[in-house]
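> Sharing a model prediction with you, sequence too.
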Amino acid sequence: MKVGILCGGAGVRMGEATQAVPKPLMTVGDRPILWHIMKLYEAAGFCDFVLLLGYRGEAIRAYFEQHAEPGWRVEYVDTGLETPTGGRLHRARDRFREGRFFLTYGDGLADVPLRDLLAHHERAGRAATMTVVRPHTQFGIVDIATDDVVTGFREKPRMNEWVNGGFFVMEPAVLDVVADDDVLEARPLETLAAKGELTAYRHDGFWQCMDTLKDLRTLNELHAKGAPWTVRK
């Protein structure tokens with residue numbers, strides 16, 4: 001199975017930091033976050049990668065041409081600077097026509113058991129499976145009684161709702177509902193959901209995206225404590 005990784009965005013929420021280094025190459029520990037993501041798939045036995053490039057794609061390609069791990073097969077597809085996520089998949093569709101494939105974002109780490117995710121997808125028999133997670137809220141929660149008396153506080157509790165955590169499994173049929181100007185998370189996934197062709201894999205383990213420099217600091221602090229996203233063989 002091929003592993004497509006969306007790593008072409010400009011990372012505007014990272015501020016000026018991405019002017020020097022594209023977000024997928026920002027380091028967690030001593031390695032780019034993209035390398036850590038690829039190691040997650042390697043641990044599950046999947047080493048055939050397709051990097052969907054855009055902003056500063058030449059830097060990402062140069063890095064992995066020098067630092068790819070033994071056994072990795074890495075393809076590079078330039079999908080354009082301003083292309084939305086669905087459009088990036090659309091422009092690389094020929095790489096994924098052969099059969100079932102993984103797809104994920106180049107800025108999130110998790111200890112998702114990828115073999116279990118794949119088994120869930122196979123059992124569901126749908127066109128696509130999306131890993132869903134319940135992240136912690138950004139703010140502390142104030143508990144208030146009906147008489148407006150504050151009864152307590154909860155420091156950044158985990159959400160009750162599920163959100164898109166990336167780590168997709170898709171059949172080639174998905175490629176037929178994705179157009180060049182699509183944001184993957186909008187019309188394509190909504191269309192699949194409306195047709196009953198999208199299933200959710202609930203992951204209650206570790207998950208952390210890297211949208212901001214604060215998130216990057218968090219990941220580095222976690223890396224120093226043992227990297228909870230590491231999948232042990």
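Yep, that arrived.
> ok, now how distant is the nearest residue in space to residue 7 that is not next to it in sequence from residue 212?
Among residues not flanking residue 7 along the chain, residue 106 sits closest, at 3.1 Å (CB to CB, 6 or more residues apart in numbering). For glycine as for every other residue, the C-beta is placed from the backbone atoms N, C-alpha and C. Applying CB to CB, to the nearest Å, the value for residue 106 to residue 212 is 15 Å.
> These two - which one has more neighbours?
Shown here are residue 106 and residue 212; by other CB atoms under 10 Å, residue 106 has more neighbours (25 against 14).
> Settle this for me: that one is touching residue 6, isn't it.
Yes - assessed by CB atoms under 8 Å, residue 106 is found in contact with residue 6 at 5.8 Å.
> quick one, strands of this structure?
Along the chain, the stretches classed as strands by DSSP state E are 2-7, 27-28, 31-32, 48-53, 73-78, 101-105, 108-110, 128-133, 141-144, 150-154, 163-164, 168-170, 198-202, 207-209.
> out of the ones you listed, nearest to residue 62?
For the strands of the chain, the distance to residue 62 is smallest for strand 73-78, at 10.1 Å, taking CB to CB.
> Go through that closest one and flag the buried ones.
Applying a neighbour-count criterion of 16 or more other CB atoms under 10 Å, one finds 74, 76, 77, 78 buried in strand 73-78.
> Then stretch 118-130?
118, 120, 121, 124, 126, 127, 128, 129, 130.
> Any figure for the gap between the fifth one and residue 169?
This means residue 126. With distances taken as CB to CB, residue 126 is found 9 Å from residue 169.
> How about the second one?
Between residue 120 and residue 169 the distance is 8 Å, computed by CB to CB.
> Between these two, which contacts overlap?
Taking CB atoms under 8 Å, 6 or more residues apart in numbering as the contact rule, residue 120 and residue 169 both touch residue 129.
> Quick check: most distant residue from the centroid of this structure.
No residue in the chain sits farther from the centre than residue 147, which is 43.1 Å out by CA atoms, centre = their mean.
> which residues does the residue nearest to residue 202 when sequence neighbours are not counted bridge with?
Nearest residue to residue 202 in three dimensions, chain neighbours excluded: residue 132, at 5.8 Å (CB to CB, 6+ apart). Beta-bridge pairing of residue 132 under DSSP bridges involves residue 164, residue 202.
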